[in-house]
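[1] generate a structure from the sequence data that follows.
(one chain, ligands or ions: 3)
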Amino acid sequence: MEMFTTTSAAHRRSSDCIIVGVYGNGKPGKGAADIDAASKGHLGKLIKQGDISGKPGSTLLLSSVPGVKAKRVLVVGLGKTGKFGIRQLRGATGAAARVVRDSPAKDVVSYLGLEDVADADVYYRARYTVETIGNSIYKFTETKTGRHSRKAPLKKIGIAAGSRGDATKALRGAEHAQAIVDGMSLARDLGNLPPNICTPAYLARTAQKIARQNKSVSTRVLGEAEIKRLGMHSFLSVTAGTTLPAKLILMQYKGAGRDKPVVLVGKGITFDAGGISLKPGPGMDEMKFDMCGAASVIATMLVVAKLRLPINLNVVVPACENLPSGTATRPGDIISSMSGKTIEVLNTDAEGRLILCDALTYSRRFKPEVIIDVATLTGACVVALGQHRTAVMSSNDKLANEITAAGISADDRGWHMPMAEEYEKQLKSNFADFANVGGRDGGAITAACFLGKFTEGMNWAHLDIAGTAWQSGVAKGSTGRPVPMLSEFILRRSRVIP
Ligand code: BES
Ligand code: MN
Ligand code: ZN
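    Ligands and ions are numbered 1, 2, ... in the order given. Purely as a prediction, here's the structure:
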């Protein structure tokens, strides 16, 4: 996909399709007003006739409008005047993108960014526009045959800007968005792939491919023998029931000399059957998404490498399956971790924390400036926050606030949940240093407290994406979250947002 900006008036812009908006009261937006004038009142007539309503999400695709250079004009409803914010911009752009996706248009120019958007400047308007279009035309085609596998024909996205100066900022936004879209598409592909294809080895090969294609990235993959030598018995206890070999995937990007790195750790359970604490059958297929944390951190590495950001980044992914078998870990087993601490495994389905604790201990060697783990960790998180907010937990409130602020800017939101001592007590074990579960109450928080026992002294935060990483039902599929939030966090730390 190619990005560009344009300062041409809407009617002068030659393009397969231009997107303009009309408000609910019939008032044309800036692009639509220009088209209306050039076409001697064509749009005004359609508004009067009721063909264009201005209702949010409504669309009308027009061909060969007189006086207009573009082949097609796509008119989209903007809703109430004075209420046009980020949500409305994204809603209107998404509706338009779905029409474009199903049309033969190879390039599109959006004029919606010319509207006043209360809570977004030129850079973010361009970013949301490209992110929304890029995400709307995403199709998962890898495991379908026949005509379904045709990808959308769209090749170019243009952003209209009011001045040369705005165009420069908009182009920056569009380029950042393009990298974020590429990252999200990778994360979504990895999430959507079935667990018989997206195995730990597949995740490792994906990381290696990124390193081959981006000179600034290097990758190392450790096998079970090395994982054992490191003393990661907690990680190994989870993979004990499967025949697929576990992998510890390490990626490194150097863009800032000897600065301390940001470290991202992602949960890479390529299928979570629960182990001996077997999950119920219905919906178990969705546990193929239990590697979405891993996918999001590998994808964020791709974003950072594509944008050549001036920052150092390390990615650590423990990847394995959690299956029951005669060799699987039992409830009641006591294992040791790389940190030396012992863990009583009371529930083999609380496996994410068991692989993450060793990955977090391993990450100490990078002396992180900040370390963030990302995991589809608990069903309790879905109960607490639903699908709309990622849970953000940290021993450092300032870091948690920095992450939630990044989530707001990226329109990929999180919510700060508490992480206090009172909760930690629920992890007491009579037999080991602690148990791997803390009961039903506050389950997302006790999971974070478990990880907190391995991150002492580090500037650490934990993102529980159990609710946000994928959707169920007819829209079943990976969302690519929290790639925008993580990318924004790093873009801000790299100081490259105008
Ligand atoms: N991967 C699951 C968490 C999960 C469940 C995410 C449902 C999204 C939807 C995790 O490994 C798990 O099974 N957690 C247990 C923990 C419990 C045993 C303390 C859970 O949430 O039930
Ligand atoms: Mn589990
Ligand atoms: Zn899991």
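
[2] how far does stretch 336-353 stretch from start to finish?
    With Cα to Cα, to the nearest Å as the measure, stretch 336-353 spans 13 Å from end to end.

[3] distance from the chain centre to that stretch, please.
    Its chain's C-alpha centre and that of stretch 336-353 lie 28 Å apart, by Cα atoms, centre = their mean, to the nearest Å.

[4] thinking Arg12 is in contact with Lys69, fair?
    Yes. Counting by Cβ atoms under 8 Å, a contact exists between Arg12 and Lys69, whose distance comes to 5.8 Å. All C-beta spots, glycine's among them, are computed from the backbone N, C-alpha and C.

[5] Val22: what's it in contact with?
    By Cβ atoms under 8 Å, 6 or more residues apart in numbering, the residues touching Val22 are 28-29, 32, 43, 47, 52, 54, 75-78.

[6] can you count the residues close to the residue nearest to Asn396 when sequence neighbours are not counted?
    Leaving aside its chain neighbours, Asn396 sits nearest to Asn459 (5.9 Å; criterion: Cβ to Cβ, 6 or more residues apart in numbering). Using other Cβ atoms under 10 Å as the criterion, Asn459 is surrounded by 18 other residues.

[7] returning to what we had before: out of the contacts of Val22, list just those in strands.
    When the contacts of Val22 are checked against strands (DSSP state E), the matches are 75-78.

[8] which one of these is nearest to ligand 3?
    Comparing those against ligand 3 with Cβ to the ion places Val76 closest, at 40.2 Å.

[9] okay, Arg90 and Asp259: tell me how far apart.
    Remark: distance between Arg90 and Asp259 (Cβ to Cβ, to the nearest Å) = 34 Å.

[10] if you count neighbours, what's buried in stretch 362-379?
    For stretch 362-379, the buried set under the neighbour-count rule, 16 or more other Cβ atoms under 10 Å, comprises 362-364, 366, 368, 370-378.

[11] indicate the residue of this protein located nearest to ligand 3.
    Of all residues in the chain, Asp272 sits closest to ligand 3, with a separation of 3.7 Å (Cβ to the ion).

[12] my read: that residue touches Leu354, true?
    No. With contacts counted by Cβ under 8 Å, Asp272 stays clear of Leu354, the gap being 11.7 Å.

[13] so the two - more neighbours on which side?
    Looking at Asp272 and Leu354 with other Cβ under 10 Å, you find the greater number of neighbours at Leu354, namely 27 against 24.

[14] so what's that one up against?
    Taking Cβ under 8 Å, 6+ apart as the criterion, Leu354 is in contact with 234-235, 237-238, 335, 343, 345, 436.

[15] the helix or strand containing it near ligand 1 anywhere?
    Under the criterion DSSP states H and E, the helix or strand holding Leu354 is helix 352-363. Yes. Part of helix 352-363 sits near ligand 1 under the criterion Cβ under 6 Å from any ligand atom, namely Gly352.

[16] right, and the helix or strand after that helix?
    Secondary structure here is assigned by DSSP H and E; on that basis, the next helix or strand after helix 352-363 toward the C-terminus is strand 370-375.
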